[in-house]
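1. Based on what follows, work out the 3D shape:
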Amino acid sequence: MPTYVFRVRTPDNVAHRAQHIELPDLNAAMAQAQRYARTLIRHPVRRGQRAIGGAMDVEVGDQPIARLLLSEVALQIS
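-> This is a model prediction of the structure:
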């Protein structure tokens, strides 16, 4: 199974956290990225904050394969 890296980036594109998880495929990785992003922004959204910046990058090795904008995830849960 490939190891996927989930990297949180601030609005100014600075990487702050990385989580490494072995998952069977890209679909599982994207589902995990959604869960991780929702966990990160849950409290600001509940407090009414709508302008959430930054992104969650999904990588395999050093290759970026997807990016979730945290503002779009915030809209999904608000």
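2. Check which helices and strands the top helix by length along the chain sits against.
-> Ranked by residue count and defined by DSSP state H, the top helix of the chain is helix 26-46. Helix 26-46 sits against strand 3-9, strand 15-22, strand 55-60, strand 63-69, helix 70-77, with contacts defined as 3 or more CB pairs under 8 Å, 6 or more residues apart in numbering; DSSP states H and E. To be clear about C-beta, it is placed using only N, CA and C from the backbone, and glycine gets the same treatment.
3. Pick the most buried one from these.
-> Using mean count of other CB atoms under 10 Å, the stretch among the helices and strands packed on helix 26-46 with the largest mean neighbour count is strand 55-60, at a mean of 20.
4. Contacts for it next, please.
-> With contacts defined as CB atoms under 8 Å, 6 or more residues apart in numbering, strand 55-60 is touched by 2-9, 15, 29-30, 33, 36-37, 40, 64-70, 73.
5. Name every strand pairing with it and say which way it goes.
-> Within its sheet, and counting by DSSP bridges, strand 55-60 is paired with strand 3-9 (antiparallel), strand 63-69 (antiparallel).
6. who wins for proximity to residue 22 among those strands?
-> When those are compared by CB to CB, strand 3-9 sits nearest residue 22, at 5.1 Å.
7. Kind regards, and thank you for your time.
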